[in-house]
Structures are given as C-alpha cells and as structure tokens.
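Asks: The sequence and its predicted three-dimensional model are supplied below.
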Amino acid sequence: SRFGPKMPLAVDCTAELICCKVLDSSGRLKSHELILSYGLALVRFVNLITERKQKMVSIPLRQLAREVDIPVWVVDLRHDLTHGKLPRLALCRKGCDVVLDWLRKMYWSRQLGNNLCEEDEDEEEEQEEVEANAELDGDAWE
C-alpha cells in the first residue's frame, strides 16, 4: 500500500492470481466467469512481466518469456485467451499455479533472501532427520 500506483508488478500479479484462486474456491462463480477471471490475470502477468524486456524493436513474446524462464505454453495460453477460443478451466487453473510458482521463485524468495527456498530444503532435511532418529530409537529399543 505504500507504493500507491507504483506497486511492484509481481505484487500486483500475485494479488490478482490469488484473488482468482479465492473466487474459484468460493464456488460462487460459474466456469465461464472463472475462465475470464483467470484469463485476465494470466494475460496481465505475461504482458506486464515481458513488457519491461521489450526494446524499441518488437521482440516476440515467446522469446521474451524464454529469457525470463516463463514456460512457453503459458505464453500460448495467453495468446489463446486474447486471440482465440477460450481454453478449459483446468488449463487456466494450471496456468495460475505455474505462474504463482514462478512468482514465488523469481520474486518472493528473492525478496525474503531466498528463505522460501531454504525453508523447503530445511523441511526435507528435518523430515530425513526425524526418520533417521526414529530408526535409531527403534534399534535402541530392540
């Protein structure tokens, strides 16, 4: 809220995508309405994220997306949403999940000093330690 109209693009995109997921889980919208909601959020994400890399000479979105590690199929989904027949809701949901994961890795984990990535690794290590300790405890008991 401190940024006002200059909200970071990743924050704005994350908020829109999360809003779509909340609306979806509420069960109050019809399938077609959800497709349009997800569609707008996905189109805005691709356009806003790739826009910063656009130069004076027009560069294809697919190339720009590759440069920032956005899956090409997400760009194709954006193309279908804006120029073609609307895709299935399941594909829009999957696109939302992939884009949110991209935002987590490329923006949010960096904002938090990669703590999100480290937490995932720490949880795996802790689970391995718990399992190893359980085996040791079992051996000691025997």
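Replies: Thanks, I have the structure now. Numbering: from 1, shown residues only.

Asks: only C-alpha atoms for contact and neighbour calcs from this point on.
Replies: Will do.

Asks: Give the closest residue to the residue nearest in space to the middle of the chain in space, chain neighbours not counted.
Replies: Nearest residue to the geometric centre of the chain (Cα atoms, centre = their mean): Leu100, 1.3 Å. Excluding its sequence neighbours, the residue lying closest to Leu100 (Cα to Cα, 6 or more residues apart in numbering) is Thr14, at 6.7 Å.

Asks: where's the one you found relative to Asp101, distance?
Replies: If you measure Thr14 against Asp101 using Cα to Cα, to the nearest Å, the figure is 10 Å.

Asks: Could you check which of the two has the larger neighbour count?
Replies: Thr14 (21 against 14; other Cα atoms under 10 Å).

Asks: Okay, now the unreliable bits of the protein?
Replies: Scanning the chain for pLDDT under 70 picks out 1-4, 56, 114-142.

Asks: how does it look with 80?
Replies: Scanning the chain for pLDDT under 80 picks out 1-7, 52-57, 112-142.

Asks: what about the helices in the chain?
Replies: Per DSSP state H, the chain carries helices over the ranges 9-26, 31-51, 61-67, 72-83, 89-103, 109-111, 115-141.

Asks: With respect to burial, which of those scores highest?
Replies: Across those, averaging neighbours per residue (mean count of other Cα atoms under 10 Å) puts helix 31-51 on top, at a mean of 19.
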